[in-house]
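[1] need coordinates for the following:
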Amino acid sequence: MLVIAVICATSGALILGAVWGIYGRFPAKLEGFLVAMAGGALIVSVVAELLEPASQKAALWLVLGAFACGSVTFTAIDTWIDRRVGEDSGGGLLAAIVLDGIPENIALGVVLITVEPIAVLALAGSIFLSNLPEAAGGARGMAQNGWGRGKVLGIWALTAAVLSAAAVLGNQLLSPMATVPLAIIQAFAAGAVVSSLATEVFPKAYKQDQELAGIAVAIGVILAFALHHMGASLSN
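    Okay, here's the model as predicted:
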């Protein structure tokens, strides 16, 4: 039951964000602030939830190689999307969520096997915090570039379903002993996240809210760092 609840919360944030982006009328500055805050949360997640655990499971060269592959893969796909459908289409944020979300959700599924429930909820809260505004920004960009609302919502619903399936597969098929494959998955996700922060998340946030973007990033770091330490203390 806990597995289903956590997966629904993290993946459901994509659908809620898409609805917000398509039908919501929030000020651009507020959206920029929230996207920047999500980026701050992802900074912590890259180090604490992805790279650090990966480095404890596999050789450093393997972790860094997978990290580089994740970065190159995201950059290649993001560049292709920008050239085919435009930089402001929202496709880049969708690519960021998919490339980060699939390995991240696989790892989440494995974490659900090994730690205390409240610690899992702390990790899930960090993922929810990053998914919601990113999905809103991506869906709005798609809608503003001529995509039908129903089609946009369907794409994000399908993305949520794919990420949910990744978490279920991680929970059911990857045992806690599958350390090296999981480390590669985590490091690949970290590389994709870092590149998405540099090319999609922070530029979009700064464009919409130049004055408070830095503060928003700091708030995101604080919240995610607190959630991480809460989860770590409860699992010890």
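[2] any stretches of the chain with poor pLDDT?
    In the prediction, the chain carries residues with pLDDT under 70 at positions 1-3, 85-93, 96, 100, 104, 107, 110-123, 126, 174-178, 231-236.
[3] need the longest helix for it.
    helix 117-144 (DSSP state H).
[4] what packs against that helix?
    If contacts are counted by 3 or more Cβ pairs under 8 Å, 6 or more residues apart in numbering; DSSP states H and E, helix 117-144 sits against helix 2-23, helix 28-44, helix 91-114, helix 149-173, helix 213-235. For glycine as for every other residue, the C-beta is placed from the backbone atoms N, C-alpha and C.
[5] would you mark the buried spots in the last one?
    Within helix 213-235, the residues that qualify as buried by neighbour count (16 or more other Cβ atoms under 10 Å) are 213, 216-217, 219-221, 223-225, 227-228, 230-231, 235.
[6] that helix: how far from the chain's middle?
    Relative to its parent chain, helix 213-235 has a centroid offset of 15 Å by Cα atoms, centre = their mean, to the nearest Å.
[7] so which elements touch that helix?
    With contacts defined as 3+ Cβ pairs under 8 Å, 6+ apart, helix 213-235 has these neighbours: helix 28-44, helix 117-144, helix 202-208.
[8] could I get the ones you listed as JSON lines with distance to residue 16 and mean neighbour count?
    Output for those, formatted as JSON lines (distance: least, Cβ to Cβ, whole Å; neighbours: other Cβ atoms under 10 Å):
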{"stretch": "helix 28-44", "distance to residue 16": "13", "mean neighbour count": "23"}
{"stretch": "helix 117-144", "distance to residue 16": "6", "mean neighbour count": "24"}
{"stretch": "helix 202-208", "distance to residue 16": "19", "mean neighbour count": "20"}
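[9] with distance to residue 50 as extra columns, can I get these in JSON lines?
    Below are those laid out as JSON lines (distance: least, Cβ to Cβ, whole Å):
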{"stretch": "helix 28-44", "distance to residue 50": "10"}
{"stretch": "helix 117-144", "distance to residue 50": "11"}
{"stretch": "helix 202-208", "distance to residue 50": "18"}
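[10] which one of the helices and strands packed on helix 117-144 lies closest to residue 187?
    helix 91-114 (8.7 Å; Cβ to Cβ).
[11] apart from its neighbours in sequence, what residue is nearest residue 64?
    Excluding the flanking residues, the one nearest residue 64 by Cβ to Cβ, 6 or more residues apart in numbering is residue 187, at 7.4 Å.
[12] check the gap between residue 142 and residue 28 for me.
    Counting by Cβ to Cβ, to the nearest Å, the gap from residue 142 to residue 28 is 16 Å.
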